[in-house]
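>>> heads up, no residue letters with this:
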């Protein structure tokens, strides 16, 4: 099988896995994506011309799939970043709930009266 066909199949499989992202945990999907990127890198190195008409058609399909995959990955990354920001907000509110006076200014809380 040519490297172009392998690249097309791998890209198509990755797009379908992102579309079914709810079946995987985040760690699994990130691991699968990292494996895909390393596999893709190897396949891209093996692709050399001249190309047949079939390989040119597959190349156009790969470009479309790659754009779709980029959009899906960006959306997934946005979801992860949103969850991280929610967790950090929860941490801050928990700290404020546990110790509401931590941000008050003053060294020892004493008051000095200057009346003589």
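Received it, and whenever you're ready, just let me know what you need. In this text the structure is predicted, and so the values were computed from the model without any measurement. Residues are numbered from 1 along each chain as shown.
>>> which other residues reach the helix or strand where residue 12 lies?
According to DSSP states H and E, residue 12 maps onto helix 3-19. Where contact means CB atoms under 8 Å, 6 or more residues apart in numbering, the residues beyond helix 3-19 that reach it are 24, 29, 32-33, 36, 39-40, 43-44, 46-47, 51, 55, 58-59, 61-62, 65-66, 68-69, 72-73, 76. To be clear about C-beta, it is placed using only N, CA and C from the backbone, and glycine gets the same treatment.
>>> phi and psi next, for the residue positioned nearest the centre of the chain.
For the chain, the residue nearest the mean C-alpha position is residue 77 (3.2 Å; CA atoms, centre = their mean). Backbone geometry at residue 77, expressed as degrees, to the nearest 10, gives phi -60, psi -40.
>>> next, count neighbours for residue 43.
Other residues near residue 43 come to 19 when the count uses other CB atoms under 10 Å.
>>> ok, the one 4 residues further on next?
Using other CB under 10 Å, residue 47 has 15 neighbouring residues.
>>> and for residue 18?
Other residues within reach of residue 18, judged by other CB under 10 Å, total 20.
>>> what comes up buried for the one helix or strand residue 45 maps to?
Here residue 45, judged by DSSP H and E, is contained in helix 26-46. Of the residues in helix 26-46, 29, 33, 36, 40, 43 count as buried by neighbour count, 16 or more other CB atoms under 10 Å.
>>> other residues contacting it?
Here helix 26-46 makes contact (CB under 8 Å, 6+ apart) with 3, 6-7, 10-11, 13-14, 17-18, 21, 24, 73, 76, 80.
>>> circling back: just send the buried residues of helix 26-46 back as a markdown table, with distance to residue 113 and pLDDT too.
Formatted as a markdown table, the buried residues of helix 26-46 follow (distance: CB to CB, whole Å; pLDDT from 0 to 100):
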| residue | distance to residue 113 | pLDDT |
| --- | --- | --- |
| 29 | 65 | 88 |
| 33 | 66 | 90 |
| 36 | 72 | 92 |
| 40 | 74 | 91 |
| 43 | 80 | 89 |
